[in-house]
Every structure is written in structure tokens, then in C-alpha cells.
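Colleague: below are the sequence and a predicted model; questions follow.
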Amino acid sequence: MRTENVSSDIVVVGGGLAGVCAAIAAARQGASVSLVQNRPVLGGNSSSEIRVWVCGATAHGTQLNARETGIMGELFVENQFTNPEGNPYYWDLTVLEAVRAEPGITLFLNTDVREVSASGPEDDRRIESVTGWMMGSERLITFTAPTFLDCSGDGLVGYLAGARHVTGREPYSAYQESWAPEVPDDNTLGSTLLFYSKDAGRPVKFVPPSFALDITTTSIPERRIISTEKNGCAYWWIEWGGELDVVDDNERIRDELQAAVYGIWDHIKNSGRYDAENLTLEWIGAVPGKREYRRFLGDHVLTQHEVLGMTEFADRVAFGGWSIDLHPPGGMYASEAGSKHWHPDGPYHVPMRCLYSQNVSNLWMAGRNISASHVAFGSTRVMATCAVLGEAAGVGAALATRAGVTPRELVAGRMEEVHRALVRADASVLGVVHDDPADRVLSATLSASSTLRQLVADEPAGTHPLDAPLGLVLPVDPALGTLSLLVDADTDTELTVRLHRTSRPQVYLPDEQLRSVTVPVGAGEKQWVALDLDWRPERPQNAFVVVEAAAGVRLHVDEHAPLGVLALTYREPAADERWTEQFRHWKQVLHRQSPCLRVSDDVDAYAPEKARGGYARPYGGPQTWVSQDRRLDPEPWLEARWDQPVTISSVELVLDDSVDIDLINLHHHRTEPEVMPDLLTDYRVEVEVEGAWTVLAEATGNRRRHRVHPLTVPTDVTAVRVVAPGSRGAAHVVSLRAYATPSPAI
């Protein structure tokens, strides 16, 4: 037997999206990382072995402007270009190539960690090493490091190290959560096997195996949706094992799920109830996709109240937005619905104190094993959220290791450093302002070749009937005076609008009503109707304008919405819709389109200053510089200039990759653009040295949001600019940065 010892700064155990993002994040902070995965592929539940859609804060479009940035965002956008058809094997490649692109990561596939060496008293444990068996190569490898991340999902490393943890459901008395049971139990969310079918173009028979389940003896045909058009994760409800131990009983659960899949397929093929003669099974999973097991206890336990209340923790390091999504313990055999959902009003925050062990001083965790109650875990468990938690934990682990401090000490004394590192990495954080003094642009004067100054959409290309209230989100910076809408009216009538605040910068729902305005509308077509709203808030923020339903009235629609303008429609729940405490009345319509509108006041929402400091994603407004259309400004530029030369080592850009567009790795829904429509695909970065401009970098066919352009040596410059030749619409730059210190990613 070959035995080996591998030393690194950080060991990440688990190669799902949490572990992948943790490893990449730590490596980009300059740490050497051993990434240890017990499967032959990366991606965990999203991999071609299991094939679960990567869902996250967008909640299939329920949350607006909520798509993840950072490493998870890079994976989404790259997959959209290289894998527009949602091939699961191409997704594997996207994840693998992201890991292989980082020289600081050494990858160990097929390596099952099953031994942990830890020491110290119960309240202050420390991991010294972990040992794994590399299958196929027959190598026993011991990994040593000052810092370990358990991203294994089931939490075996932390468990063997003696980390405090819980399983099952806490009682209501623990955190006063309305969705917690009165009596605690060991129930968890179950595991799932998926399958894919295809049309063979000719009749194909199916002879079921002897162990196939006769689903007609169960409640499945009556209580679950079976369809020949559905594939893969559309059958998420093939779930079982929540009343068992999903690890101890893994093989029993797998056998039951396989029996159910073959039974469902037998029902589709041979019951005579479906047009399935030409269908055949293309793929069936062999590895159960687990949802829940151990949850470690950190210095904070995230709860239902903090998810729904969007609590703003001082140590917030990531966000989620998926609903609290809980399933009955009986899974596919349960008499109740397969899931119940409760959406927060917008994305919520996760504190760093949930990402490290309270009693193992060098153990971080990310993924579905973080410190959260069972109810809160119902939201944090989805993979894109696990991924952003992984990035936050990876950054934190690298910073703590470099400083020689524990995770607890990092949170207590170095959160400013953590936040600045996350912002510089373009990680998924909300409401964390960019204030790093190492960015020289914070002290520069910004200017641009042009700036969009008017909130206008006035090229009609269809109509939208006002048979239900329509909500309009409008950036207000600095004021909202008269709003004009282009309408048709069949008869003389009235139009009423209500002006509301929104409750939080990341929320796109009406809150406090400020005023209501009603104006007469005469019968006729294409009439501009003026509504005096007269609002000048203390700080830039979004307004939510409700246009009340009006019979016989239609709003004209422009195919292109101004950046930051969103349209939503209102609906009441149907009589049979359950879990009404989570019902979302407002749903987005006219995606990336807008009612034809004009706002009387010039706006500052797209000013060059928006690309300096501030926030690097929509937050109470677009937070982006926008030029005029290239028909008016064919080669737009954005410039930062200093009165005296400043020394810089790196110019870094955050570009607009349309975080309003919901992307799914295996295409739960097909998103058409392969390159995000607001992205600068072609640009050049120039620096001014002693009065002369020099091209630092030039990009063509760019697909990435976050670009780092290092200088060969630190250089004294008097100005930096990004120039964007091209033909697509206006130019957008979220953040222009010029750092005195080199990027840790280089």
C-alpha cells in the first residue's frame, strides 16, 4: 500500500459546489489548497452523476436582480456560453476547468476521507490531519494543514473531529419558529434519484425489473405529477428516507428510490395512460442525491426569523433568496404536497459566524452542513447558495490562516478586512460598501464621454392590458417628479397610481404608501398620461409605483427597459393554493421590457460616480455607470483622474453581466442569450503616464464580469480609463478600480 503525506495551507474536503468555490476562493487569496473529493467528478448534486439543477437566490425568478456573482456567477455565465443546451457532462467540464485554472489548487479525485486526527478538550478541539483512500490508485494519503474546510455535505470530517452538530428538526421552543414542530424528532429531508428519457423515433418496449414498484398501490399517481414531457429534476419529488438515517440507511434508500423510478417508468410505458410508445430511458441515477444530514453548530445559528426578516448582520458574508422549502418526511409516499415554500421578501444575509465550528478552532464549513436551524436550512441548502457560502468560507479561511488567527478572532477583529476581500473578489454580498483605501479610484474624479440622464422608454412595440394592477420599480435619484405613461383607452375613464417606498434596497415589493394620484383619461389611442408623483427621498432608492387595474385600458410596451426599471403584475391566490403565509402577490412580467414611460426629471442613477466605491450590484438602484446609446456615443469611455500621480499595481473592472437574468446550469428554463446582453464584450484599459496614454489591456469576446488587469510593475499614473468600442446598446461599468496593491488572485 502506497502511503503519502500532503501539506498545504488549507484542506477542503468535498468537491461539490461549496467545496469547489471554497477552494477557488482560498487559492485566489494566495493560499495553497488541497481539494479532496470522493467521487470521480466535481459538482456534487449538480454533477452528471446526480443532475440536480443549481438553484439559488433568484428562486426561479421570484427574487429580482438576485443572481449570484463571484465564483458561482462565473460558473453560471461560462456554462451559459459553453453549454447552451444544458448538457450535464459539459457542466462537469465547466466546474473542472474552473478548478484546474487555479495554480494554487491540487485536486484529489476518488479520494474518500475516512480518518481524522484531532486533539484538545471538547470545547477547544483542533484538527491536525485527515486521511483518505484514493480508489483506483490504492493510495493512502494523509493531508496536513493549519486549516480545514468540511464541505462534504454529510459533515463526516467535523463529526470525526468532535465538532458539535445537530440532526433532525428542533422543536418550536428552541427558536420560536412557526414552521418548527412542537416536538423534536430525527426527521430530515429525504434523498432523490432522477431519470432522463428520450424519443427513440420508433417503438421501444420496457420490461420492468422484478423489484420495480407497482406505484398504483401507492398514492403517487394521485398526488404527484407524472408526465412524458418531464425529465430530470422535474421529478424532484421522487424522494424518500426522511424518516430514516440518510447515511446509515443510504443503500436501503437507494434501492427504494430505484424501485420507484422503474415503477414510475413502467407506469408511463405500460399503463396505457400515456403516449409513450417511442420513449426509452436514457439515464437513471445510481447515487442518491442527499438533501440533509448533520448541521454543525457555529457561533450563530441562522433561524427562520432571520431568513424572512432579512436580518443585516455586521458579519454578513453571503446572501440567499430561495424559499424556506421543506418536504414531508414521508417523501413521495406522503399524503400532503411534496413541498411547502415561504419566500422572504428579498435576498437575506448569512453571517460568517455560521461558517465555522464553535468548538473546533480550525474547522470551517460550507454547504448544507452550516450552522442553521432545520427550518432556515430549508432555504440555505440549495446549491448556488451553498456555493456562495463556500466562497465566503474560503476567503475567511485564507485570511485567518495568513494572519494566524482563529475564525472567531477573525470575525471579532478583522471583519473590515474580510469585507474588503469579498468586495474585491466580487463575491455575493449585499449592502457591503466598497471602501478599501487601497483602491485609488476612491480618491479620483470620475468623468465619462456621455451619461444616460433620462428615464425614458418611448418606442411602442405592443400593449399590456390593465386587467390587473401593474407594479413599476423605478430608480429615484435624486427625485421622481412627473411620470407619464402611454395608454390606449376604449372609453372615457380614470387612471389611478399609488407611489410606495420599498422596505429594503434589495426588495422589489411595495411598502409604505406615500401618495395616490388619479387623472382622467379620454377614449383614444397612444395618449401620454401625466401623473405628478413629486417625491424627493433623502437618499437614492427605488420607488414602487402601482398602476391600478382599469377596464378597457392598455399600456404600450417598449421592448427595452431602462436599466433598473422592472414591471410586476398582481394576482390573488387561487382558492386551492395552500401555505398562503408565503404567497407572493407580485410577479415579474415584461422581463427586460417596460411600459412606455417618461420621467420628467433628469436622473443621476447612471452617473460616472456610480462606478466608484458604493455597491457592486443593484441595491436601491442600478449602481452602474451607463453611457448614452452608441448611436449617440459610438466609442464611450469612463475615466478616473487624479490631481497628482498615484501608484497603482492593478486595474480591475466589475462589468454588468445582467444579474436580473435567471440562469440555471441544466436549463430548468431556457435562457436565450449566450453572452449576457449588458456585458462589455470588447473594451480596452488605458493608463495615462506623464501625459501620454498607454494601452494596458485589450479584450475582445469577453464573457466575464470581473476582470483583473495587472501592471508589469507598480506605475505612477494620472488617469485610468476603460474604452468600449462596439455596437451593442449603451456601455455599462459597475465598478472601475485601480489598486495600489497587486490582486491576490495574480
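Modeller: Thanks, I have the structure now. On a predicted model such as this, the values are computed, not experimentally measured, just so you know.
Colleague: list the contacts for the residue of the chain positioned farthest from its centre?
Modeller: When distances to the mean C-alpha position of the chain are computed (CA atoms, centre = their mean), the maximum falls on Asp492, with 46.4 Å. Asp492 is in contact with Pro520, Val521, Gly522, Ala523, counting by CB atoms under 8 Å, 6 or more residues apart in numbering. For glycine as for every other residue, the C-beta is placed from the backbone atoms N, C-alpha and C.
Colleague: for Trp236, see how far away it is.
Modeller: 51 Å (CB to CB, to the nearest Å).
Colleague: cool, Ile225 as well?
Modeller: 11 Å.
Colleague: who's more crowded, these two?
Modeller: Counted by other CB atoms under 10 Å, Ile225 and Trp236 do not tie: Trp236 has more neighbours, with 16 against 10.
Colleague: now do the contacts for the more buried one.
Modeller: The neighbours of Trp236, taking CB under 8 Å, 6+ apart as the test, are Val52, Thr192, Leu194, Gly338.
Colleague: closest to His706 out of the residues you listed?
Modeller: Val52 (26.4 Å; CB to CB).
Colleague: check contacts around Ser32.
Modeller: Neighbouring residues of Ser32 by CB under 8 Å, 6+ apart: Ser8, Asp9, Ile10, Gly104, Thr106.
Colleague: neighbour count for these - can I get that in JSON lines?
Modeller: As requested, the contacts of Ser32 are arranged in JSON lines below (neighbours: other CB atoms under 10 Å):
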{"residue": "Ser8", "neighbour count": "20"}
{"residue": "Asp9", "neighbour count": "20"}
{"residue": "Ile10", "neighbour count": "29"}
{"residue": "Gly104", "neighbour count": "19"}
{"residue": "Thr106", "neighbour count": "17"}
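Colleague: now these as a markdown table including distance to Gly263 and secondary structure?
Modeller: Shown next, in a markdown table, are these (distance: CB to CB, whole Å; DSSP: H, G, I helix; E, B strand; the rest coil):
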| residue | distance to Gly263 | secondary structure |
| --- | --- | --- |
| Ser8 | 47 | coil |
| Asp9 | 49 | coil |
| Ile10 | 45 | strand |
| Gly104 | 48 | coil |
| Thr106 | 44 | strand |
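Colleague: residues in contact with stretch 113-123: which ones?
Modeller: 13, 36, 38, 125-133, 143, 152, 156-157, 160-162, 359-361.
Colleague: got the domain ranges for the protein?
Modeller: Using automatic domain parsing, the domain parsing of the chain gives 2-169+292-424, 191-284, 440-450+606-739, 456-599.
Colleague: what's the most buried one of those domains?
Modeller: Comparing these by mean neighbour count (mean count of other CB atoms under 10 Å), domain 2-169+292-424 ranks first with a mean of 22.
Colleague: average pLDDT for that one?
Modeller: Average pLDDT, domain 2-169+292-424: 97.
Colleague: show me where the stretch 251-400 of the chain has helices.
Modeller: 304-309, 374-380, 383-403 (DSSP state H, counting those that start in this stretch).
Colleague: strands of the stretch 351-500 of the chain, residue ranges please.
Modeller: For the stretch 351-500 of the chain, the strands defined by DSSP state E, counting those that start in this stretch cover 363-365, 445-448, 456-457, 460-465, 470-476, 480-489, 493-501.
Colleague: export these to a markdown table and tack on distance to Trp283?
Modeller: Formatted as a markdown table, the strands of the stretch 351-500 of the chain follow (distance: least, CB to CB, whole Å):
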| stretch | distance to Trp283 |
| --- | --- |
| strand 363-365 | 32 |
| strand 445-448 | 51 |
| strand 456-457 | 45 |
| strand 460-465 | 41 |
| strand 470-476 | 42 |
| strand 480-489 | 50 |
| strand 493-501 | 48 |
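Colleague: among those, which is nearest Glu512?
Modeller: Nearest to Glu512, of all the strands of the stretch 351-500 of the chain, is strand 493-501, at 4.7 Å by CB to CB.
Colleague: name the next helix or strand downstream of that closest one, please.
Modeller: For strand 493-501, the following helix or strand on the C-terminal side (DSSP states H and E) is strand 513-521.
Colleague: does anything pack onto that following strand? Which helices or strands?
Modeller: strand 493-501, strand 524-535 (3 or more CB pairs under 8 Å, 6 or more residues apart in numbering; DSSP states H and E).
Colleague: for the shortest one, packing partners?
Modeller: Put plainly, it is strand 493-501. strand 480-489, strand 513-521, strand 524-535, strand 541-547.
Colleague: looking at the ones you listed, which is closest to Val95?
Modeller: strand 541-547 (34.9 Å).
Colleague: tell me the helix or strand right after that closest one.
Modeller: strand 553-558.
Colleague: from memory Tyr274 sits against Thr228, does it?
Modeller: Yes: using CB atoms under 8 Å, Tyr274 is in contact with Thr228, at 5.1 Å.
Colleague: list residues touching both of the two?
Modeller: Counting by CB under 8 Å, 6+ apart, the residues touching both Tyr274 and Thr228 are Ile268.
Colleague: okay if I get the helices and strands packed on strand 513-521 as TSV plus distance to Leu514 and mean pLDDT?
Modeller: Shown next, in TSV, are the helices and strands packed on strand 513-521 (distance: least, CB to CB, whole Å; pLDDT from 0 to 100):
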stretch	distance to Leu514	mean pLDDT
strand 493-501	5	97
strand 524-535	6	97
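Colleague: lovely, talk soon.
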